[in-house]
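Peer 1: here is a sequence together with a model predicted from it:
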Amino acid sequence: MLSRAADALFWLARYMERLDNLARLIEAAQSMAGVSSEAEEWRSALTAAGVEELYDDAHPVVTPDLAARFLCSGPSNPFSIMNCLELARVNARAMRTALTRDMWEAVNQGWLESRTLDERNFSPALLAETLDWVRTLSTRFSGAYETTMLRNENYWFVRLGTFVERADSTARILDVKYHLLLPENSSGVGGMLDYYQWTSVLRAVSAVRAYQWVYREEVKPWNVAELMILRPEMPRSLRACYDNITGCLDELARIHGGKRGECHRQAGAIAAELRYGRISDIFQSGLHERLTDYIDRTRELGDQIANLYMR
Amino acid sequence: MRDFFDDMHGTDGDIRAAYRTVAQWLAETPHETLATKREEAERLFRRVGITFAVYTEGADTERLIPFDIIPRVLDADEWAMLERGLKQRVAALNRFLGDVYGPREIVRAGKLTDAHIDSHPAYCAQMQGVQVPGGIYTHIAGIDLVRTGADEFYVLEDNCRTPSGVSYMLENRSVMMRLFPELFARVGVAPVARYPQDLLATLRSVAPGGEEDPCVVVLTPGQFNSAYYEHSFLADEMGVELVEGIDLLVSDKKVYMRTTDGLKRVHVIYRRIDDDFLDPLAFRADSVLGVAGLMEAYRAGNVTLANAPGAGIADDKAIYMHVPEMIRFYLGEEPILKNVPTWDCANEGALAYVLDHLEELVVKETRGSGGYGMLVGPHATKRAREAFAKKLRQSPSAYVAQPTLALSTCPTFAGDKAAPRHVDLRPFVLSGADGVRIVPGGLTRVALQDGSLVVNSSQGGGTKDTWVLRTNGDR
């Protein structure tokens, strides 16, 4: 297939996944209202979204309303939810023939719906409803490609985009909150504030229920870290993302007659670390250091994928 | 007597044999049913149309060309004659192109001058002396025909560059088969669905020598081109890649496309971009649609371009009038399809005649297309004719004139009844190294306004499905 098509499908999936992650980040920040410093919560959300500097250029202070609007539709934010949707559609349209009709309709229909939104839809009163709608966009999209795409190269590039984006997002969300998860910062097990803050991390990755099912005990920081980094059954954990990434890359290698590249080696190395790693070792070598390392290596992996297939 | 020959009623009003079944069907089908079917057709087209319209942000696009549900019918004998004539004409056009870019025998025979050829805007100097596979320059030609009587067909225009419209021919048919399956069962209609396979076979046949499994691609200017739908449709139907300039690169005078498997050699390019934009090194330097070095690879014989650059010199309105002579000169045959008599206003005597007879002539710009910049004398006001005469005197060589033809009509669903409307026909002629392929039929364009002779979609024309009968109508 054309390199340009692979590139378009990969980025289409990344943007559709990213807007979903942004919606979760905003919801997590909102849930902390009245519990901790609001400005701090929203600043973490802006940092996790990678737009903190852009925000500071546009606004002198962080307020929940301004930050939420900036993340949703800020005109000076190229990675706002609305811009991600726009970029997703540009990629979809460029390779319309590589998409199934259902996929195209999921993206295009969502885009058409977004055209009917205005300022009010991002106001505190309607924000929750708008975010619910945003989250349906990526489930509609992933539902469409999982159920209608032929399992050929096109499919594996779309899937690859989804999981590379998700790995990046999970690592960023955890990193922004890493200080909360360090044992020495805990104000004593069971402290109310800690409990809410750890829960907010889980909420940002939609894992509050999952935590209960896996651990069946009160929320503890190292469990949260383990769940999000190492547990294979948690669909947004780094481990699960990398298992999927290596799976996609293996399929692509198979389709290309066994041809592998640097991206296969790098993805395999990270996946093995995650598979055989222990959470105590990760804490020992520094949670923040390890998370920034994963963020950097995921970015490098994206470049290597492009090197092998998209140039 | 009617003023115009009608495809269904002839000139005397009796139903012609080819239309017997269709006329019966029209008579026995209540108009309400036809109206419902027409709405259904519109819905079907709109569904595809919406898909197309979003490419261009909902602007009025080609895809929304009105469609008429009453088919235009030709019987087997009529088609056989047209087919012979089309093959002959396109063979002569290809021979002419080979001669223009080769030995120039036609100049030596005194029928055209070197200056005439070299100064032509569509002449491509880079093509001089290039050997093309099979001697084919216009692999896909669209020949516009009109009818004026039972046996009277005229060629109105040749299209030798990148004629479009074939996707309408195919989609019109599939919509009609969906709407009126029972009618297809009663009338034996020759199928057109094999066009994409014929096109692929034609393109493969002209691959650079010795290539057993040539790679064919369709080159499009991209999603914002008005014919993008057709480009992606044809690529899809042929099962080949639809590429843009940025997907291709030239290395060591060979063309490659960038794929996820690395560079892949390309042998034949069905290009739907104009000559000027093909290669920024050879033509317009500001072109971002083309591929740098493409012409060099082409001249080295490592890739085939269809149609060949410079093929446009054969379809210009000033060259048009020489086509019958070309047929005699290159093939030693009498032309089967007639040309419309044409006055070249560059010629003084002709100009005087044209100025004297403006009210009965159609005057066209030599380089114009799409029905723009023309004067239909009998329908123009005196004032418009005078204004046009002024333009004509200023730059006579930019114009040719033809008599107003009594274009045939075909029953067309107009509001609540079938009424005669003028039609033309564009069959598509595929020329490969292994022979000529023509699917029976073509694109029938219809002027939807009562009395209008202009069928161009840009001027409010519509389309019809064209049925070629497997047998003659009277059998």
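Peer 2: Thanks, I have it.
Peer 1: over to B:Gly442: give its phi and psi.
Peer 2: phi 160, psi -170 (degrees, to the nearest 10).
Peer 1: count the residues that sit near the nearest residue to it once chain neighbours are set aside.
Peer 2: For B:Gly442, ignoring the flanking residues on the chain, the nearest one in space by C-beta to C-beta, 6 or more residues apart in numbering or on different chains is B:Pro427 at 3.4 Å. For every residue, glycine as well, the C-beta is placed using N, CA and C. Using other C-beta atoms under 10 Å in any protein chain shown, B:Pro427 has 26 neighbouring residues.
Peer 1: and B:Pro427, how far from A:Leu25?
Peer 2: From B:Pro427 across to A:Leu25, the span is 60 Å (C-beta to C-beta, to the nearest Å).
Peer 1: and what of A:Ala8?
Peer 2: 26 Å.
Peer 1: what's near enough to touch the closest residue to chain B within the stretch 201-311 of chain A?
Peer 2: Nearest residue of the stretch 201-311 of chain A to chain B: A:Tyr309, at 4.2 Å (C-beta to the nearest C-beta). Counting by C-beta atoms under 8 Å, 6 or more residues apart in numbering or on different chains, A:Tyr309 touches A:Ser3, A:Ala6, A:Phe157, A:Leu252, B:Thr260.
Peer 1: farthest-apart pair in these, please.
Peer 2: Across these, the longest distance by C-beta to C-beta is 12.8 Å; it joins A:Ser3 and A:Leu252.
Peer 1: need the residues touching each of those two.
Peer 2: In contact with both A:Ser3 and A:Leu252: A:Tyr309, B:Thr260, using C-beta under 8 Å, 6+ apart.
Peer 1: so the two - more neighbours on which side?
Peer 2: Set A:Ser3 next to A:Leu252 and count neighbours by other C-beta under 10 Å: A:Leu252 wins out with 24 against 21.
Peer 1: residue contacts, the more buried one?
Peer 2: A:Glu153, A:Trp156, A:Phe157, A:Leu160, A:Tyr309, B:Thr260.
Peer 1: where does the chain dip in pLDDT?
Peer 2: Here I'm looking at chain A. Within chain A, the ranges that satisfy pLDDT under 70 run A:33-36, A:183-193.
Peer 1: oops, I was thinking of chain B
Peer 2: For chain B, the stretches with pLDDT under 70 are B:1-2, B:46-64, B:368-372, B:457-460, B:473-475.
Peer 1: helices of that one, residue ranges please.
Peer 2: Secondary structure of chain B (DSSP state H): helices located at B:20-28, B:31-53, B:76-100, B:105-108, B:114-118, B:166-179, B:181-186, B:195-205, B:228-238, B:294-299, B:317-320, B:323-326, B:348-356, B:382-394.
Peer 1: how far off centre is the fourth one?
Peer 2: Remark: helix B:105-108 is offset 28 Å from the chain centroid, using C-alpha atoms, centre = their mean, to the nearest Å.
Peer 1: and A:Ser138, how far from chain B?
Peer 2: 20 Å (C-beta to the nearest C-beta, to the nearest Å).
Peer 1: following the helix ranked longest in chain A, which helix or strand shows up next?
Peer 2: For chain A, the longest helix by residue count, based on DSSP H, is helix A:3-31. Downstream of helix A:3-31, the first helix or strand assigned by DSSP states H and E is helix A:38-48.
Peer 1: so that following helix versus helix A:3-31, what angle?
Peer 2: Helix A:38-48 runs at 170 degrees relative to helix A:3-31, counting by axes from the mean of the first three to the mean of the last three C-alpha atoms, to 10 degrees.
Peer 1: against B:Val400, how distant is the closest residue to chain A within the stretch 351-475 of chain B?
Peer 2: Nearest residue of the stretch 351-475 of chain B to chain A: B:Phe428, at 22.3 Å (C-beta to the nearest C-beta). Using C-beta to C-beta, one gets 25 Å for the distance from B:Phe428 to B:Val400.
Peer 1: repeat for B:Asp424
Peer 2: B:Asp424 is 18 Å from B:Val400, by C-beta to C-beta.
Peer 1: same question for A:Pro235.
Peer 2: 70 Å.
Peer 1: neighbour count for these two, which is higher?
Peer 2: More crowded of A:Pro235 and B:Val400, by other C-beta under 10 Å: B:Val400, with 27 against 15.
Peer 1: nearest the middle, which residue of chain B would you pick?
Peer 2: B:Gly142 (2.8 Å; C-alpha atoms, centre = their mean).
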